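Novice: Pasting a predicted model and its sequence here:
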Amino acid sequence: MSENCIFCQIVAGDIPGRTVYEDDTVLAFLDANPLSPGHTLVIPKAHHERLNDTPADVAGEVMSTLHELVPAVEAAVDAPASTVAFNNGEEAGQEVPHVHGHIVPRFEDDGGRPIHALVTDRPDLSDDELDAIESDIVAEQA
Ligand code: 5GP
Ligand code: ZN
């Protein structure tokens, strides 16, 4: 548990949350300021700030919980679709520094946008630049 972390306080039961799924590793609860009905957050119970800091087995459990919950959340609010995403780091808009996946149910004509609307000024990358990025990412995994 991290002091002053609001999601750790929800895990500890110090702050109430509307829990929709819980096991030893993962907690899922309704977002307090939902973007749509059924907006759900899935978190590891242990405090990890970003996906980058999260052990692979824990990240896998978060992902499998998202996989289980997406159809349940959509069915519960009668949504035909959902946006499933992580704001991974402050510059990406992450406000609560305890890693969490969002399930945002989506509806026809809900006024929402796709993930491609995140960025308005897209970079114009050449083939050489794309090739360099490809090999840099592969090299980072070595
Ligand atoms: P972020 O911007 O970090 O990806 O998203 C944080 C999310 O946490 C926001 O959607 C916000 O509404 C939600 N949130 C912030 N504080 C609380 C809280 O105390 N309880 C719950 N259930 N959600 C919260
Ligand atoms: Zn935390």
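Specialist: Structure received. Numbers count the residues shown, from 1 in each chain. Ligands and ions are numbered 1, 2, ... in the order given.

Novice: which regions of the protein sit below the pLDDT cut-off?
Specialist: Within the chain, no stretch has pLDDT under 70.

Novice: What ranges does it have for its helices?
Specialist: Ranges of helices within the chain are 6-12, 56-77, 127-140, based on DSSP state H.

Novice: Highest mean neighbour count out of those?
Specialist: Among those, helix 6-12 has the highest mean neighbour count (mean count of other CB atoms under 10 Å), at a mean of 18. All C-beta spots, glycine's among them, are computed from the backbone N, C-alpha and C.

Novice: Show me which residues of this structure sit near ligand 1.
Specialist: 6, 15, 17, 29-33, 87, 93-96 (CB under 6 Å from any ligand atom).

Novice: Sitting in strands, which of the residues you listed do you find?
Specialist: Among the residues of the chain next to ligand 1, the members falling in strands (DSSP state E) are 29-30.

Novice: How much space separates the residue at minimal distance from the centre of the chain from residue 66?
Specialist: Geometric centre of the chain, nearest residue: residue 101, 1.9 Å, by CA atoms, centre = their mean. For residue 101, the distance to residue 66 equals 5 Å [CB to CB, to the nearest Å].

Novice: what residues do these two have in common as contacts?
Specialist: Residues touching both residue 101 and residue 66 by CB atoms under 8 Å, 6 or more residues apart in numbering: 42, 84.

Novice: picking that back up, could you dump the helices of the chain to a markdown table with distance to residue 43?
Specialist: Listed next are those as a markdown table, based on distance: least, CB to CB, whole Å:
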| stretch | distance to residue 43 |
| --- | --- |
| helix 6-12 | 5 |
| helix 56-77 | 7 |
| helix 127-140 | 26 |
